[in-house]
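**Q** model the structure of this input:
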Amino acid sequence: MKRVEDFADYLLGSPSDLQEILYNLHKNVLAEDNAVYVALTEKTATGDLFILGSSGLDQESLVGLSWLRTTTQFPTIDCLNSGNDVYLPTKEAWLEKYPQSVLFREKLGIEEIFCQPIHWNQDSSYCLSLAFGVAAPGKSRDLELLRTLGRLFETYLDKTRGNKVVTLEPPATSMKRKIEALNDRHRETVNLVIKGLNNQEIADAQGISVNTVKSDLKKIFKDLGVSYRSQIYAEMIDEE
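**A** Reported below is the predicted structural model:
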């Protein structure tokens, strides 16, 4: 899946796991461009902010992003509020525009970021953020290619409208308590998910097949009341 056309075929096949989509975009499409992270963020009509899915961010970084709720000093927030592209080609451009979040940028090693609004429904606003490290010498980012990726997401979301692909339901009980109620293997699986492991890596760590991992995750998601991995992150951040 080295070409955008290949990613389009994969995406429009309607995979059910948003985290899996972002993982494949990050690792297989943008890897050669030194992607630091890819994230899809939602701002609801009531002003609540959710990181619906991300790839390249560890759990510590996701928790660190929880301060986004109280700041406007971040390109993703600008994108969500304005509904326009936000592009910062250099760390100097970031320093000039968002001085309060420079330490976070440095922690992640971001040199360049492109945030694109995703138009899906009128109840919330969405932003697809693509962050990169240092570009290869003599190579610049293809902004039209990045815009194409955003349009693919819009098409995917339109195709899955009504399937609750990006709907977060407030937990009846805390996510921590839900996880504690799982059996030993399922708790271990959740801990590996939180660490950012994919299905194959979880299978290797537990000595089971990938199909068993997929079956376990289906049961785990039902028990936790979520539809995809990133909801676990989001609810845990909310509980901090």
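
**Q** phi first, then psi, for residue 116.
**A** Torsion angles at residue 116 (phi, psi; degrees, to the nearest 10) stand at phi -120, psi 130.

**Q** ditto for residue 106
**A** phi -70, psi -40.

**Q** the nearest residue to it once chain neighbours are set aside: how many residues sit nearby?
**A** Leaving aside its sequence neighbours, residue 106 sits nearest to residue 91 (C-beta to C-beta, 6 or more residues apart in numbering; 7.9 Å). C-betas here are computed from N, CA, C, even on glycine. By other C-beta atoms under 10 Å, the residues close to residue 91 number 17.

**Q** now do residue 91, the pLDDT please.
**A** Listed pLDDT for residue 91 reads 88.

**Q** kindly report which residue of this protein is located farthest from the centre.
**A** No residue in the chain sits farther from the centre than residue 138, which is 28.9 Å out by C-alpha atoms, centre = their mean.

**Q** what helix or strand does the residue most central in space within the chain sit in?
**A** By C-alpha atoms, centre = their mean, the chain has its centre lying nearest to residue 54, at 1.8 Å. Here residue 54 sits within strand 49-55, counting by DSSP states H and E.

**Q** the protein: strands as residue ranges?
**A** Along the chain, counting by DSSP state E, strands occupy 35-44, 49-55, 86-88, 112-118, 124-132.

**Q** tell me which of those strands sits nearest to residue 217.
**A** Closest to residue 217 of those, according to C-beta to C-beta: strand 49-55, at 14.8 Å.

**Q** which helices and strands sit right next to that closest one?
**A** helix 18-24, strand 35-44, helix 229-238 (3 or more C-beta pairs under 8 Å, 6 or more residues apart in numbering; DSSP states H and E).

**Q** need those in a markdown table with distance to residue 96, can you?
**A** Formatted as a markdown table, the helices and strands packed on strand 49-55 follow (distance: least, C-beta to C-beta, whole Å):
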| stretch | distance to residue 96 |
| --- | --- |
| helix 18-24 | 29 |
| strand 35-44 | 20 |
| helix 229-238 | 29 |
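
**Q** looking at those, which is nearest to residue 97?
**A** Closest approach to residue 97 among the helices and strands packed on strand 49-55 (C-beta to C-beta): strand 35-44, 18.1 Å.
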